[in-house]
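Q: Predicted structure and sequence below. I'll ask about it afterward.
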Amino acid sequence: MSSWDLDRRRLIQGSLALGGLGLAGCTNMGPRHSLNTTGLNTAGLGVNDIPPPLAPVRAHPDRLFDITVCLRPFRAQGPRIEAEQIGDTLVVHNYGHGGSGWSLSWGSANLAIQKALVNSPTQVAVIGCGVIGLTSAIMAQRAGAAVTIYARDLLPQTRSSRATGSWTPDSRIALKGSASPQFGDLWEQMARFSFKTYRQYLGLPGTPVEWTDRYTLSDVPPEQAEAEVQKPGDLVFGQYSDRISDLTPRAQELPEGATSFPVKYVTRSESMQFNIADYGHILMSDFFTAGGKFVRKEFHAPNDLTQLKEKVVINCPGYAAREWWNDNSIVPVRGQISWLIPQPEVNYGFYYKGVSILSRRDGIVVQDLNGGDMRGYDNSRELADRAEADHAVGVIAELYSRFRA
């Protein structure tokens, strides 16, 4: 899932919060808490910071209409963005983005294009039609090249389409001890370029890119919750978000009792998200409208690229690079999404007890993130796990059952 990762570490560090839900008809033997937003403790909050009433998610297992799984292509060193000459063909690699593929796609494509167009080719081939391949192809078109994408599948059938669709630019992007000292600068360049480019997609029909509130709930102090995520022996992933802290709003700790949630610690922030169905459709339309061509083709060895008519190739195979390019630096990170029926009235995301929810136009994404960054690491099982889905939905259902109208 080149990412799509609303990963647990980012959610805890981003300090989110949920407040003021309206819900009726829930029963539970545990403590009862009112959902009425009147009489809440909003002392110290400006009128513009008082949590609004939020429509409840109808979290029931029988509302699950799909379960999807993808394998994020992680490299300990960070993404591979470098040029290689194979015979008379210049190959520019652009893969291995972990859980940050959607977030970094434009900035990564910008770096790859600079290497690919060094000799001003008029024709460029792109391998792969995931988000990295599509953005690379569009960037090459904008630079004046005629572009053909060679791939087994179009975007809707790729692993990219199974991503969470949240702005997580440093989600499992590299290992702290394996990335080069210069990688932080490179990452920041990609993140800032991508963030600026997404500005062009805000407000378009279909809402391909939008900002939404995110909330995190905790019964223990956030510092303790964060410490509990990391276990002895876990890998330490690189964290670079502080380098772009000026781009997004700061998290806001809400006073205890400011929301109707039966938790002591509540924080709130905002994040950008991609409605992948709409956004992906726009990317495909932009590519074909600009004269792009698609050829359905599979590759089995690097030398296969020398048979293409184009002598400049941008290689964006994602996780497939492990097999057909024989790149064993690629490690699979399994991610599963459970899909609840869309609720247009739900326009937020939240995190609670290791489970995250993000409302998208095409469904409500539910993920079990217990285990933090190590969850799914080096797991290539791409089959759906219904028990995992039921557990995640059950955690959310239990939360709502503790409220009364």
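A: Everything's here; your move.

Q: In CSV, list the C-alpha atoms belonging to the helix or strand harbouring residue 91.
A: In the assignment (DSSP states H and E), residue 91 maps to strand 89-95. The C-alpha trace of strand 89-95 is given here as CSV (Å, rounded to 0.1, in the frame of the first residue of the first chain):
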residue,chain,number,x,y,z
THR,A,89,18.7,2.6,-22.2
LEU,A,90,18.8,5.1,-19.3
VAL,A,91,16.7,3.7,-16.5
VAL,A,92,15.7,6.0,-13.6
HIS,A,93,14.4,4.2,-10.6
ASN,A,94,11.6,5.6,-8.5
TYR,A,95,10.3,3.1,-6.0
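
Q: On the C-terminal side of that strand, identify the next helix or strand.
A: helix 101-116.

Q: Compute the inter-axis angle for that next one and strand 89-95.
A: Helix 101-116 and strand 89-95 are oriented at 160 degrees to each other (axes from the mean of the first three to the mean of the last three CA atoms, to 10 degrees).

Q: So which bits of helix 101-116 are buried?
A: 101-113, 115-116 (16 or more other CB atoms under 10 Å). Heads up, the C-betas are built off the backbone N, CA and C, glycines and all.

Q: Counting by contacts, list what the helix or strand that that helix is followed by packs against.
A: As assigned by DSSP H and E, the chain's next helix or strand after helix 101-116 is strand 123-127. Other elements packing on strand 123-127 under the criterion 3 or more CB pairs under 8 Å, 6 or more residues apart in numbering; DSSP states H and E are helix 131-142, strand 146-151, strand 312-315.

Q: re the thing from before, determine the set of other helices and strands touching the strand holding residue 91.
A: Here strand 89-95 touches strand 80-86, helix 101-116, helix 131-142, strand 312-315, going by 3+ CB pairs under 8 Å, 6+ apart.

Q: quick one: the helices in the chain?
A: In the chain, the helices defined using DSSP state H lie at 8-14, 101-116, 131-142, 183-198, 222-229, 276-289, 321-324, 386-401.

Q: residues near the residue nearest to residue 272 when sequence neighbours are not counted, how many?
A: Counting by CB to CB, 6 or more residues apart in numbering, the nearest residue to residue 272 once its immediate chain neighbours are dropped is residue 167, at 3.9 Å. By the criterion of other CB atoms under 10 Å, residue 167 has 24 neighbours.

Q: now residue 291
A: Counted with other CB under 10 Å, residues neighbouring residue 291 total 9.

Q: So for it, what's the pLDDT?
A: The model reports residue 291 with a pLDDT of 98.

Q: in the sheet, who's paired with the closest residue to it other than its chain neighbours?
A: Spatially, and ignoring its direct neighbours in sequence, residue 291 is nearest to residue 146 (6.6 Å; CB to CB, 6+ apart). Beta bridges link residue 146 to residue 123, judged by DSSP bridges.

Q: ok, residue 146 touching residue 122?
A: Yes - at 6.3 Å, residue 146 and residue 122 qualify as touching, with contact defined as CB atoms under 8 Å.

Q: So if I had to pick from those two, which one is more boxed in?
A: For residue 146 versus residue 122, the count of surrounding residues by other CB under 10 Å is larger for residue 146: 16 against 9.

Q: Now do the more buried one against residue 76, distance only.
A: Distance of residue 146 to residue 76, given as CB to CB, to the nearest Å: 36 Å.

Q: Residue 227 now?
A: When distance is defined by CB to CB, residue 227 is 24 Å away from residue 76.

Q: neighbour-wise, which of these two wins?
A: residue 76 (18 against 11).

Q: is it true that that one touches residue 331?
A: Yes - between residue 76 and residue 331 there is a contact under CB under 8 Å: 7.4 Å.

Q: how about the helices of the chain in TSV, adding distance to residue 94?
A: Formatted as TSV, the helices of the chain follow (distance: least, CB to CB, whole Å):
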stretch	distance to residue 94
helix 8-14	23
helix 101-116	4
helix 131-142	6
helix 183-198	11
helix 222-229	31
helix 276-289	15
helix 321-324	10
helix 386-401	31
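
Q: circling back to that earlier point, the helices and strands packed on strand 89-95: which one's closest to residue 40?
A: helix 101-116 (34.4 Å; CB to CB).

Q: That closest one - contacts with which helices or strands?
A: strand 80-86, strand 89-95, helix 131-142, helix 183-198, strand 312-315.

Q: Residue 364 contacts residue 347, correct?
A: No - at 10.9 Å, residue 364 does not count as touching residue 347 under the criterion of CB under 8 Å.

Q: And those two? Which one has more around it.
A: Counted by other CB under 10 Å, residue 364 and residue 347 do not tie: residue 364 has more neighbours, with 23 against 12.

Q: Near the residue lying closest to the more buried one once chain neighbours are set aside, how many other residues are there?
A: Ranked by CB to CB, 6+ apart and with sequence neighbours excluded, the top spatial neighbour of residue 364 is residue 340, at 4.0 Å. Residue 340: 24 surrounding residues under other CB under 10 Å.

Q: ok, now how distant is residue 340 from residue 371?
A: 22 Å.

Q: for residue 186, same thing?
A: 28 Å.

Q: Please say which of these two ends up with more neighbours.
A: Using other CB under 10 Å as the criterion, residue 186 and residue 371 rank with residue 186 on top: 18 against 14.

Q: for the more buried one, what are its contacts?
A: 78, 81, 111 (CB atoms under 8 Å, 6 or more residues apart in numbering).

Q: I figured the first one hits residue 179, correct?
A: Yes - under the criterion of CB under 8 Å, residue 78 makes contact with residue 179 at 4.9 Å.

Q: shared neighbours of those two, anything?
A: Joint contacts of residue 78 and residue 179 (CB under 8 Å, 6+ apart) are residue 238.

Q: more neighbours, the two?
A: Comparing residue 78 with residue 179 by neighbour count (other CB under 10 Å), the higher total belongs to residue 78, at 24 against 20.

Q: Can you tell me who residue 313 pairs with across the strands?
A: Beta-bridge partners, per DSSP bridges, of residue 313: residue 91, residue 125.

Q: Report pLDDT for it.
A: For residue 313, the pLDDT comes out at 98.

Q: just to revisit the earlier point, out of the helices and strands packed on helix 101-116, flag the one nearest residue 48.
A: Of the helices and strands packed on helix 101-116, nearest to residue 48 by CB to CB is helix 183-198, at 24.4 Å.

Q: buried set for that closest one?
A: 183-184, 186-195, 197-198.
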